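[1] quick one: sequence plus predicted model below, questions after.
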Amino acid sequence: MSFQAPKGTFDWLPPSSEAILAVREALAAPLRRAGYGYVETPVFEDTELFKRGVGESTDVVSKEMYTFPDKAGRSLTLRPEGTASVVRAVLQHNLHTGQLPVKLWYSGSQFRYERAQKGRYRHFWQVGAEALGSEDPALDAELIVLGARGFASLGLRQVKLLVNSLGDKNCRPAYRAALQEFLRGLDLDADTRARIEINPLRVLDDKRPEVQAQLTGAPLVVDHLCAACKSYHEEVRSLLTASGVAFEDDPRLVRGLDYYTRTTFEFVHGGLGSQSAVGGGGRYDGLSEVLGGPPLPSVGWALGVDRTYLAMEAEGLLGEAAPGRVQVYGVPLGDDARRRMFLLLSELREAGISADMAFGGKGLKGAMKGADRSGARFALILGERDLAAEAVQLKDLTTAEQTEVPLAQVADVLKGKVQ
RNA sequence: GUGGGUGUAGCUCAGUUGGCAGAGCGCCAGGUUGUGGUCCUGGAUGUCGAGGGUUCAAGUCCCUUCACUCACCCCA
């Protein structure tokens, strides 16, 4: 083995690669039914976009970005998340000057320079959705419901939804100060003490038991919400309940990125190793302004495609996929037959019948094995005798029944037999 | 950045006290010169992660190093 994939990355191979395609489709389908348009943005952006949009206080920006200079000396960064790019694209193309909200969805690669472990890779995939320019609890609820529907449509039953509100620019500062005061009185290591000053809410997320034990009496943001945030959050919750989407209030739920306000939520699953989030999002009312745009209250989420795959694996939902399975398999005997089979397959494929054949001059036995393994129901056997008769032997591999079919009629005969 | 575990055939792994490099699966071929699956027979594939050391002898013991993996941190 000479080369291998870079650290923290991996290849999707058949058959699991088929499941990944299915996951992307399933997560996106509810969005398309709800009027979200597809957006595709560059995989790299101006480094400053992420510094400003995601926040310099976050670990994502301060130590996990793939940043590099291009040949003209510009600093570019492989996107570590999708929201900043989407907001940038909306502002750049003035999509927000039309009817609001602007509803967009995307699917693609994200990159973070982290130490890899189960469910956390340096290159990962997300399906995301953003609804920009509208402050309406129904929009928050809509997105959450669409995410939940996506997971449910894959058969996932153990995805749990956690919901919280982080307050807004009116009530968050007072809460932040109260939390900082509480945290400063605890016995914590230097890194965590530094985090108290930069991003105190994240301390609530610490998984270490000795830290969690000290957090039992910590002030909770729900107790510090202003009236507007409180009623907004109540409305979101009641819409979720009315939609039949089960959720759990988690007053400790915070998000890793700076731009979140008010509604925040996470879809969690127990089958991902030590990681738990299969998706998450929330409202980010101030992000547009941070990026130099007008006020554009918005809400969005991102769901982890590879993490969803792991969740499905944990729930035993990955059936026996049959990658590249075809309906018909050609078994040519000899060079003349191979040339004729090649043309016959093209004809079948044009007619909408999926077909493969034995390559490499295999013998009959080897070619028949290939037919068996291809998953095809029918084999087409073509040798010198058949060529002379302008016919082919059509064998049903499930019954071993074999009939001779004139070459000119193969497509028509098969059309009647496959599906 | 920190800590644990694992590196032997394409894959999953065994390998005892240091004594000839192994199994299952997969792959290829034959049994059957124009017929797959099941079965039988045979075959190919190894820098035992790499480098050094101890020893008559190292997959095995010691040192170094790399990779993978899991967890902390962080996050989808």
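    Cool, the structure landed.
[2] how far away is residue A:230 from residue A:328?
    For residue A:230, the distance to residue A:328 equals 64 Å [Cβ to Cβ, to the nearest Å]. (C-beta placed from N, C-alpha, C; glycine too.)
[3] between these two, which has more neighbouring residues?
    The neighbour comparison of residue A:230 against residue A:328 (other Cβ atoms under 10 Å) goes to residue A:328, with 26 against 15.
[4] thought the more buried one was touching residue A:417?
    No - with contact defined as Cβ atoms under 8 Å, residue A:328 does not count as touching residue A:417 (9.3 Å).
[5] got the contact list for residue A:27?
    Contacts for residue A:27 were tallied using Cβ atoms under 8 Å, 6 or more residues apart in numbering; they are A:107, A:127, A:147, A:150, A:151, A:154, A:303, A:305, A:308.
[6] which among those residues count as buried?
    Burial by neighbour count, 16 or more other Cβ atoms under 10 Å: within those this picks out A:107, A:127, A:147, A:150, A:151, A:154, A:303, A:305, A:308.
[7] closest to RNA strand B among those residues?
    Compare each of these with RNA strand B using Cβ to the nearest atom of the strand and the shortest gap goes to residue A:303, at 6.2 Å.
[8] strands paired with the host helix or strand of that closest one, and their directions?
    If you go by DSSP states H and E, residue A:303 is part of strand A:298-304. Each strand pairing with strand A:298-304, determined using DSSP bridges, is listed with its direction: strand A:123-132 (antiparallel), strand A:277-283 (antiparallel).
[9] turn these into CSV, columns for distance to RNA strand B.
    Below are the strands paired with strand A:298-304 laid out as CSV (distance: least, Cβ to the nearest atom of the strand, whole Å):
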stretch, distance to RNA strand B
strand A:123-132, 3
strand A:277-283, 3
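[10] joint contacts of residue A:328 and residue A:417?
    With Cβ under 8 Å, 6+ apart applied, the overlap between the contact sets of residue A:328 and residue A:417 consists of A:377, A:378.
[11] in the stretch 51-200 of chain A, which spans are strands?
    Secondary structure of the stretch 51-200 of chain A by DSSP state E, counting those that start in this stretch: the strands cover A:66-69, A:75-78, A:102-111, A:123-132, A:160-165.
[12] what's the first one packed up against?
    Using 3 or more Cβ pairs under 8 Å, 6 or more residues apart in numbering; DSSP states H and E as the contact test, the elements touching strand A:66-69 are strand A:75-78.
[13] residues from the stretch 101-250 of chain A in reach of RNA strand B?
    Proximity of the stretch 101-250 of chain A to RNA strand B (Cβ under 7 Å from any atom of the strand) is limited to residues A:112, A:114-121, A:124, A:126, A:191-192, A:195, A:202-203, A:205-208, A:211.
[14] please identify the most buried of the strands of the stretch 51-200 of chain A.
    Mean neighbours per residue, mean count of other Cβ atoms under 10 Å, is largest over these for strand A:123-132, with a mean of 24.
[15] what angle do that strand and strand A:102-111 make?
    In terms of direction (axes from the mean of the first three to the mean of the last three Cα atoms, to 10 degrees), strand A:123-132 departs from strand A:102-111 by 160 degrees.
[16] avg pLDDT for strand A:123-132?
    Along strand A:123-132, the predicted confidence averages to a pLDDT of 96.
[17] can you tell me which residues contact the nearest residue to residue A:300 once chain neighbours are set aside?
    Counting by Cβ to Cβ, 6 or more residues apart in numbering, the nearest residue to residue A:300 once its immediate chain neighbours are dropped is residue A:130, at 3.7 Å. Listed by Cβ under 8 Å, 6+ apart, the contact set of residue A:130 reads A:82, A:83, A:86, A:87, A:102, A:103, A:104, A:105, A:298, A:299, A:300.
[18] I'd like the contacts of residue A:27 as CSV, with distance to residue A:264 appended.
    Conversion of the contacts of residue A:27 to CSV gives the following (distance: Cβ to Cβ, whole Å):
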residue, distance to residue A:264
A:107, 22
A:127, 19
A:147, 13
A:150, 19
A:151, 18
A:154, 24
A:303, 15
A:305, 21
A:308, 20
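[19] which residues are in contact with stretch A:218-233?
    By Cβ under 8 Å, 6+ apart, the surrounding residues in contact with stretch A:218-233 are A:137, A:164-168, A:170-172, A:174-175, A:178-179, A:182-183, A:201, A:204, A:249, A:251-252, A:262-263.
[20] derive a ChimeraX selection command for the buried subset of those residues.
    For selection in ChimeraX, the members of the contacts of stretch A:218-233 meeting the burial criterion (16+ other Cβ under 10 Å) are listed in this command:
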select /A:137,164,165,166,167,168,171,172,175,178,179,182,183,201,204,251,262,263
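[21] residues from the stretch 301-419 of chain A in reach of RNA strand B?
    Near RNA strand B, the residues belonging to the stretch 301-419 of chain A are A:302-304, A:306-307, A:333, A:362-366, A:368-369, A:371-373, A:379, A:381, A:383-386, A:393, A:395, A:397-400, A:402 when assessed by Cβ under 7 Å from any atom of the strand.
[22] report the buried residues of stretch A:79-95.
    Applying a neighbour-count criterion of 16+ other Cβ under 10 Å, one finds A:79-91, A:95 buried in stretch A:79-95.
[23] stretch A:285-299 too?
    Buried positions in stretch A:285-299, judged by neighbour count with 16+ other Cβ under 10 Å: A:285, A:286, A:287, A:288, A:290, A:291, A:293, A:296, A:297, A:298, A:299.
[24] isn't the second one up against residue A:258?
    Same thing as residue A:286. No - taking contacts as Cβ under 8 Å, residue A:286 lies outside contact range of residue A:258: 9.3 Å.
[25] which one is residue A:140 nearest to, not counting chain neighbours?
    In this structure, residue A:140 finds its nearest non-sequential neighbour in residue A:263, 4.4 Å apart by Cβ to Cβ, 6+ apart.
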